[in-house]
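Asker: My questions concern the predicted model and sequence given below.
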Amino acid sequence: MGNRILSVVAVTIGLFLVACSSGLDQVEQTGHYQIKQSVKSVNPKEHKSVLILSASPVYYLNINGQLKNLIDRTFYCFMQLKDKEFYYITACADREPYAADCAIEGFRGFVRCLPNPTERGMIKATGMGRKGGVKGSSFMQEAYNLGKTI
């Protein structure tokens, strides 16, 4: 894996409008799914990717709402997300690993529904209560080491 040549596309969800999905009803009624917001520009990048790294702060023991809304928006195209490799990163204020474990299960709940996914790794940055708190921590080195395995 370490010798693959990859191009990287970073998507910061906070820059997009990601409203709640009502896709199932729409697909059943019309046979297709219309996205009328900026999140449409994210999904084609996911379809062509070899791997997907999902990162989220942990709020109330789960991934954040924006990311969950984005996951729900993949309903119309989840079959196109086959054979992907997944990495997860969480950052939470709680120092106890169980807080990060709950959020990791949020990622896994989505990934388990996809055709032939492969989980490759994760980082659980616990005790990170402030934005940017991970900078200079051991979790940065852990992320670097995980990245070298790609």
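Answerer: Looks like it arrived, so ask away.

Asker: List the buried residues of the helix ranked longest in the chain.
Answerer: In terms of residue count, the longest helix belonging to the chain (DSSP state H) is helix 97-111. Going by neighbour count (16 or more other CB atoms under 10 Å), the buried part of helix 97-111 is Ala99, Ala100, Cys102, Ala103, Ile104, Gly106, Phe107, Phe110, Val111. In this view, the C-beta of every residue, glycine as well, is placed from N, C-alpha and C.

Asker: Then stretch 119-133?
Answerer: Quick answer for stretch 119-133 (16+ other CB under 10 Å): Arg120, Gly121, Met122, Ile123, Lys124, Ala125, Thr126, Met128.

Asker: Would you mind listing the two of those residues that lie farthest apart?
Answerer: Arg120 and Met128 (22.0 Å; CB to CB).

Asker: which regions of this protein lie under the pLDDT threshold?
Answerer: Residues of the chain that meet the criterion pLDDT under 70 lie in 1-11, 13-47.

Asker: residue boundaries of the strands in this structure?
Answerer: Secondary structure of the chain (DSSP state E): strands at 51-57, 85-92, 118-126.

Asker: Neighbouring strands - and their directions - for the last one?
Answerer: Spelled out, it's strand 118-126. strand 85-92 (parallel) (DSSP bridges).

Asker: Just the angle for the partner strand relative to helix 97-111, thanks.
Answerer: Here the directions of strand 85-92 and helix 97-111 differ by 150 degrees (axes from the mean of the first three to the mean of the last three CA atoms, to 10 degrees).

Asker: one step back: packing partners of the longest helix of the chain?
Answerer: For helix 97-111, the elements it packs on are strand 51-57, strand 85-92, strand 118-126, judged by 3 or more CB pairs under 8 Å, 6 or more residues apart in numbering; DSSP states H and E.

Asker: and that helix, C-alpha only, in PDB?
Answerer: The C-alpha trace of helix 97-111 is given here as PDB (Å, rounded to 0.1, in the frame of the first residue of the first chain):
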ATOM      1  CA  PRO A  97     -11.500   6.100  25.200                       C
ATOM      2  CA  TYR A  98     -15.100   5.000  25.400                       C
ATOM      3  CA  ALA A  99     -16.200   8.500  24.200                       C
ATOM      4  CA  ALA A 100     -14.200   8.100  21.000                       C
ATOM      5  CA  ASP A 101     -15.400   4.500  20.600                       C
ATOM      6  CA  CYS A 102     -19.000   5.600  20.400                       C
ATOM      7  CA  ALA A 103     -18.200   8.000  17.600                       C
ATOM      8  CA  ILE A 104     -16.100   5.400  15.700                       C
ATOM      9  CA  GLU A 105     -19.300   3.200  15.800                       C
ATOM     10  CA  GLY A 106     -21.100   6.100  14.100                       C
ATOM     11  CA  PHE A 107     -18.600   5.900  11.200                       C
ATOM     12  CA  ARG A 108     -18.800   2.100  11.200                       C
ATOM     13  CA  GLY A 109     -22.600   2.100  11.100                       C
ATOM     14  CA  PHE A 110     -22.400   3.800   7.700                       C
ATOM     15  CA  VAL A 111     -19.500   1.800   6.400                       C
END
